[in-house]
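J.: sharing a model prediction with you, sequence too.
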Amino acid sequence: MFDEVVEHVVAEAGPSHASFPQVKYEGFEPSPYDDSPLLEAYADDPRFQGLRHVTQPFDLCPVQYTPPAPLACLAVSSDRMAIGLASNTIVLIELAHPDQILQIPISRKPTEMSLYKMFLDPSGRHLVITSHQGENWYLFRGWKKPKQLKSFKMVIESIAWNEPALLSSPHSTSTREILVGARNGGIYEAVLDAAEDFFKSQERLTCFHLSDPRTALIIVTTPTRIYQFVRELYLFVLASSLPKSLAWLTAPGIYLCIDDHIDSTQLFPYPSLSQHETSTASSSPPQVPSSTLVLLYKDRLIGICTLNGKQNYEDNVPLRPNEVVRGIVTDPVRRTYWVYTDQSILELCDSDVALQYAKVNDIKCFPAHANALFDEGRFFQAAQYYAQCTVPFEEVVLKYLDAGERDALRSYVFSRLERTKKTDLTQRMMLATWLVEFYLSKCDELDDFCAAEAATSDVQNVETERIMLEEDLRHFFETYKANLDRDAVYELIQGHGRIDMLLFFATVVGDHEYVIQHWILEEEWSKAIDVLNRQSDLELYYRFGTVLTRHAPKEMVDAWLRQPALDPLRLIPSLLQLQHAPRDALSSNQAVRYLNHVVFQQSNTSSIIHNLLVTFHATLSPTPSDDGPLLRFLTTAPCDPLTGKPYYDLDYALRLCKRANRIQACVHIYAKMGLYENSVDLALDKGDLELAKVNADMPENDLPLRKKLWLKIARYVVQDKKDIKSAMRFLEDTDLLKIEDILPFFPDFVVIDDFKEEIAHALEGYSAHIDELKKEMDEATRTAESIKQDIAELRSRFVTIAAEETCSMCAQLLLTRQFYVFPCQHTFHADCLISLVR
């Protein structure tokens, strides 16, 4: 298999010549390229004075890089070099920034696995590594380590990339459809996507495309055969041009065909250098002005001119002792060629046209090279060179428009955008906007094709191409959003009617308000809330909360709960939308759910929030008679630690509950306000005796008030209920009332038989109490008589003291001033005794 350049290993003992088709040797046509104008254009430039006298078409230039381990394989594409080392390490070098070197190890020991080949796609983003043991690895640009392709157990010999699709989609993470040739003779179509992290093979085959959009061409080579497959296949990306030449190394020589005709071939015998063994060879397709086949031997390079079949180049490969030549590779996009050994890398430079080699940054030769590629039909490659030279932008654009190559033109405009300075804001904005138009027009074109070919089998594949193109556009939006004018792109996308892309762009640029407005107009409430959840601007919650709460209350409240930074006061207009909204009686009120979260979980102390929650509880209860939720809130609501009162307004709550006929709530509020008589009266008016008892015991420190409240309840039981037995049982609930307290409430002619037993028990209790009082009185009388007797005895008691008696404290004569004498014979002056006691 090949992609404009074929690499092949020739065996030492070639097969029999009889197995090859007979090749006709004919004359050679002259080269279609005239390089005299190019040489004359630089005749006066001192840097190119010796150009006409250069005898070697190529220069072999060593690369200033020393690998840390022996080289095993090499791949180059789009100025990105991948080096495989024998230590199972991948070295990545951006040739535009050679000082930036990235080393990525593969988690295999050299004794377990050895690298065989690497395949780098034309865009330089996708790298496939294969080993001698059949293990395969995949590395996407930007990854820190490769991922093993566990389902692909084979030694890969070649990969055909979908070059036009990869170059025209610089942001795609997919390789698109590729063909994989294995050592076991199998050919597999595969898709490798870095975003999805999987490698899947498919049954259909897709490779290069001919001018007929329903036909594809596949070329397969083996050591003894070349196969061509042509049939109708599913298509995904139409190539702008085909390879113009094919070179195949065979035992007799180099098998060359030009202009896509495999049967019109030429066979160039190998140079008679028997002392050299061919290790690897590479053919360079005809360029300006060189048309040379380059062969790599063990120690030198040999060039054969395709115009006359003669050798026109030979150069020795500089080798150190024990250094071994590994191979030659080409960059299919930048058209650079590289020879590598196990210790060094060399670049094969075209000295004929001096493209950027007379001076590294000189691009004066690019216009001629770009024009030649354009004339050959290599529009994508030409676009890369046009983007680097000074050809006027409008001239290049008109050339591509006249040729009808809008895909290649898109690649050119994109390359110009990449090379435009970030400070040139206007130019970058114009280029980026035009690229958006290109993408949208291509999508419309594919849509029209699907509509026109609805009955054909190609529709599915074109739709897949459109999906991939849209994915590229999404990547473009994400990368260059800073270079796009929001309103202009909005208008542009709306003109093409691509609402999904419009919403994606609005999301990328952070215009979530636009997306939410769109979904609200479409009445897609859940999608609008989903967009609201994925952004961080709290103002949008307040702005769209009213309409979204009315139509999707549960989802909206869920969104609020996930944003604790929201101000509940600013959400009150949205919450009021639920005050009169119809709802299922079995479902919870979403406004109450949010307010409960704010009050109990977020510890909000705003009286407005608490009053609003009381309002919802009082007016939006599923059943008017169900006071449970309201009472639970009134009893568990947090209170101000300084005043001990709840944060909601008690007067407002009382008025609201009265208007809503919430009697139990009113009783509770009266008690909170300290109006216990009102609470007991209201409970009795409702006939709730138990509630009245609970409120009667609330003033714990005011016994007279408690007794008064219990008397109210007793009056209610005796006079209103007229239930004597209940009145008697009522006395057991409190120790503040006796039978005589409630007797005045009984009717004058009540039959005593109904409560004579209670009266008898009461009288017995009184009799026992009187006996106890009598005993206490007798004991008190005896104690009084004993005290009288002690006092009488004390009156006759005396003590004799001597005239010289002294104070026990100050030792002075006792009789000099007032004194005290104790039965223990201690004597003290009065003032000394007082001071002693103090």
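T.: Happy to help now that I have it.
J.: quick check, pLDDT for the residue nearest the centre of the chain.
T.: Nearest to the mean C-alpha position of the chain, counting by C-alpha atoms, centre = their mean, stands residue 534 at 9.8 Å. Here the pLDDT value assigned to residue 534 is 90.
J.: for it, give me phi and psi.
T.: When quoted as degrees, to the nearest 10, the phi and psi of residue 534 stand at phi -90, psi 10.
J.: chain neighbours aside, what residue packs nearest to it?
T.: residue 512 (7.7 Å; C-beta to C-beta, 6 or more residues apart in numbering). Quick note: C-beta positions are derived from backbone N, CA and C, even for glycine.
J.: my guess is that neighbour meets residue 539, correct?
T.: No. Counting by C-beta atoms under 8 Å, residue 539 is not a contact partner of residue 512; they are 10.5 Å apart.
J.: more neighbours: which of those two?
T.: Neighbour tally, residue 512 and residue 539, criterion other C-beta atoms under 10 Å: the higher count belongs to residue 512, 18 against 9.
J.: OK, contacts around the more buried one?
T.: 506, 531-532, 534-535, 537, 540 (C-beta atoms under 8 Å, 6 or more residues apart in numbering).
J.: could you flag which of those are buried?
T.: Neighbour-count burial (16 or more other C-beta atoms under 10 Å) applied to the contacts of residue 512 gives 506, 531-532, 535, 540.
J.: quick check, pLDDT for residue 343.
T.: Reading off the confidence values, residue 343 has pLDDT 92.
J.: so where's the stretch 501-650 of the chain uncertain?
T.: Regions of the stretch 501-650 of the chain meeting the criterion pLDDT under 70 cover residues 581-587, 621-626.
J.: so which residues of it form helices?
T.: Secondary structure of the stretch 501-650 of the chain (DSSP state H, counting those that start in this stretch): helices at 512-521, 525-533, 538-551, 553-561, 572-575, 590-596, 607-619, 628-636, 650-659.
J.: from the contact counts, what lies against the helix ranked longest in the chain?
T.: As assigned by DSSP state H, the longest helix anywhere in the chain is helix 756-795. Packing partners of helix 756-795 (3 or more C-beta pairs under 8 Å, 6 or more residues apart in numbering; DSSP states H and E): helix 739-742.
J.: so, low pLDDT: which residues of the stretch 301-450 of the chain?
T.: Scanning the stretch 301-450 of the chain for pLDDT under 70 picks out 307, 350-365.
J.: contact partners for residue 561?
T.: With contacts defined as C-beta under 8 Å, 6+ apart, residue 561 is in contact with 594, 597.
J.: quick one: it from residue 526, how far?
T.: Look at residue 561 and residue 526: by C-beta to C-beta, to the nearest Å, they are 16 Å apart.
J.: also residue 83?
T.: With distances taken as C-beta to C-beta, residue 83 is found 52 Å from residue 526.
J.: the two: who's more crowded?
T.: Neighbour comparison, residue 83 and residue 526: the larger count goes to residue 83, with 23 against 12 (by other C-beta under 10 Å).
J.: on that earlier part again, can you convert the contacts of residue 512 into TSV and add a column each for distance to residue 349?
T.: Listed next are the contacts of residue 512 as TSV, based on distance: C-beta to C-beta, whole Å:
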residue	distance to residue 349
506	49
531	55
532	59
534	53
535	54
537	56
540	59
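J.: what strand or helix carries the nearest residue to residue 302 once chain neighbours are set aside?
T.: Of all residues not flanking residue 302 in the chain, residue 295 sits nearest, at 4.5 Å (C-beta to C-beta, 6+ apart). Assigned by DSSP states H and E, residue 295 belongs to strand 292-297.
J.: the helix or strand following that strand versus strand 292-297: what angle between them?
T.: Counting by DSSP H and E, the next helix or strand C-terminal to strand 292-297 is strand 300-305. Here strand 300-305 points in a direction 160 degrees away from that of strand 292-297 (axes from the mean of the first three to the mean of the last three C-alpha atoms, to 10 degrees).
J.: from the chain's centre, how far out does the helix or strand just after strand 300-305 sit?
T.: Remark: after strand 300-305, the chain's next helix or strand is strand 311-316, criterion DSSP H and E. Here strand 311-316 is found 57 Å from its chain centre; the criterion is C-alpha atoms, centre = their mean, to the nearest Å.
J.: try stretch 531-549
T.: 20 Å.
J.: tabulate the CA atom coordinates of it in PDB.
T.: Presented in PDB, the C-alpha positions along stretch 531-549 are these (Å, rounded to 0.1, in the frame of the first residue of the first chain):
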ATOM      1  CA  VAL A 531     -28.100  25.200  30.200                       C
ATOM      2  CA  LEU A 532     -28.700  27.300  33.300                       C
ATOM      3  CA  ASN A 533     -27.100  24.700  35.400                       C
ATOM      4  CA  ARG A 534     -24.000  24.500  33.300                       C
ATOM      5  CA  GLN A 535     -23.100  28.200  33.700                       C
ATOM      6  CA  SER A 536     -22.100  30.300  36.700                       C
ATOM      7  CA  ASP A 537     -23.800  33.600  36.200                       C
ATOM      8  CA  LEU A 538     -26.300  34.000  39.000                       C
ATOM      9  CA  GLU A 539     -28.100  36.900  37.300                       C
ATOM     10  CA  LEU A 540     -29.600  34.400  34.700                       C
ATOM     11  CA  TYR A 541     -31.200  32.500  37.600                       C
ATOM     12  CA  TYR A 542     -33.100  35.700  38.600                       C
ATOM     13  CA  ARG A 543     -33.900  36.700  35.100                       C
ATOM     14  CA  PHE A 544     -35.300  33.500  33.800                       C
ATOM     15  CA  GLY A 545     -36.500  32.100  37.100                       C
ATOM     16  CA  THR A 546     -40.100  33.400  36.800                       C
ATOM     17  CA  VAL A 547     -41.000  31.700  33.500                       C
ATOM     18  CA  LEU A 548     -39.000  28.500  34.200                       C
ATOM     19  CA  THR A 549     -40.500  28.100  37.700                       C
END
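J.: pretty sure residue 149 contacts residue 139?
T.: No. With contact defined as C-beta under 8 Å, residue 149 and residue 139 do not form a contacting pair (10.8 Å).
J.: more crowded one of the two?
T.: For residue 149 and residue 139, the more surrounded residue by other C-beta under 10 Å is residue 139, and the numbers stand at 23 against 20.
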